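> Build me a model:
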Amino acid sequence: MAENIEQCTSTESSVPRGQYDIVSKNVIQQNPEDWIQFGLGISEARVIEVLNTEQPTVKSNRADSFIHANVHGKNAVIHFEIQTRDSTEIPMPYRVAGYAGRGIETFGMPVYSHVIYLHPDAGRNDPGQYVQEMHGYNILIQYKVIRLCELDGQNFLDAKLKGLIPFAPLMKPPENVDSKEWLRQCVQIAKSVLQDESQQANYLTNLGILGGIILDYETIRDIILEETMQESSVIQHFTQQGIEQGIEQGIEQGVRKGTIEAILDVLEEQFQSNDVQTLKLVLENIEELQRLKQLLREAARANSLEAFKQTLEG
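Got it, this is the predicted structure:
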């Protein structure tokens, strides 16, 4: 698990926070038919329209995608919530309950909710339901939890579903295929999807950005031609919005900052303590990147926050 976290950190630091969610939402909304059939596991569903999700929800969180569909001849809303990592501020069952309730209130139709976890370490403890057990006031809201790392990626490449291929690098590769070779196979299939040149550049960039959750930028750059990445209007868009931090310049400083954030995230997730943030200044005073990476591994293995503090002081 520590190795996966380290791989993720080295790349996530060079990608603006929230970019994975933005890219995922765009891919889903551009290919809603693929996604509702994937989420529901049926072919008897037809997209009617992608719905506006600019609606108030708990603490300004917004549902990623609401799709109006015909399911078995009846109108329904298919909801996809994208999570790179676990939801720590608000537990996911509470969030989905809010989204489902708002969806029913706003659109007046039943809601099928799905939570898609991108990072291999996320979603392990998501119960897939919100439960309130109070006599006379029982509430049960169930939703489907999908961890991409548990899906057989080869099945999705073989099916050549345009909306799912950009996520394939995060899925389980065939036996004896490492993550780098798996990315190469995903890119080869992505290039075979029929679309015009500009669309393909964006498509490959989306795949590369999502692959960055588990792979370092150099690997992605080697496999997806750098000029393709730079020409993509997706990259241009993030640059114009002022949220692209730059991949080449200052990358080591970015990796260092990302590693510190990952250490704090891991500690907060494991120990749920307000004392975790008091360690931030100590970590920021550590200049050696390798030392920070070692501390990230120690954070993932620590039995208690005190044990990690002792390692930090050692």
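
> So which elements touch the biggest strand by length in the chain?
In the chain, with assignment by DSSP state E, the single longest strand is strand 74-83. If you count contacts as 3 or more CB pairs under 8 Å, 6 or more residues apart in numbering; DSSP states H and E, strand 74-83 packs onto helix 19-30, helix 32-40, strand 45-51, strand 65-71, helix 92-107, strand 111-117. Quick note: C-beta positions are derived from backbone N, CA and C, even for glycine.

> Mean pLDDT added to these, as a markdown table?
Shown next, in a markdown table, are these (pLDDT from 0 to 100):
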| stretch | mean pLDDT |
| --- | --- |
| helix 19-30 | 86 |
| helix 32-40 | 94 |
| strand 45-51 | 89 |
| strand 65-71 | 92 |
| helix 92-107 | 92 |
| strand 111-117 | 96 |
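
> CA atoms only for the longest strand of the chain, dumped as CSV, please.
The C-alpha atoms that make up strand 74-83 are tabulated as CSV, following Å, rounded to 0.1, in the frame of the first residue of the first chain:
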residue,chain,number,x,y,z
LYS,A,74,-39.2,4.4,-16.6
ASN,A,75,-37.6,7.8,-16.0
ALA,A,76,-34.8,7.9,-13.5
VAL,A,77,-31.7,9.9,-12.5
ILE,A,78,-28.3,8.1,-12.6
HIS,A,79,-25.9,9.8,-10.2
PHE,A,80,-22.1,9.4,-10.3
GLU,A,81,-19.9,10.8,-7.6
ILE,A,82,-16.1,10.7,-8.3
GLN,A,83,-13.7,10.4,-5.4
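
> got the angle between that strand and helix 19-30?
Strand 74-83 and helix 19-30 meet at an angle of 160 degrees, taking axes from the mean of the first three to the mean of the last three CA atoms, to 10 degrees as the criterion.

> tell me which residues in strand 74-83 are buried?
76-83 (16 or more other CB atoms under 10 Å).

> and that strand, what's its mean pLDDT?
The average of the pLDDT scores along strand 74-83 is 94.

> Run the angle between it and helix 92-107 for me.
Using the same axes, to 10 degrees: strand 74-83 against helix 92-107 is 140 degrees.

> Mind listing residues that contact strand 74-83?
With CB atoms under 8 Å, 6 or more residues apart in numbering as the test, strand 74-83 has contacts from 20-21, 24-25, 28, 35-36, 39-40, 45, 48, 51, 63-71, 92, 95-96, 99-100, 103, 107, 109-118, 122-123.
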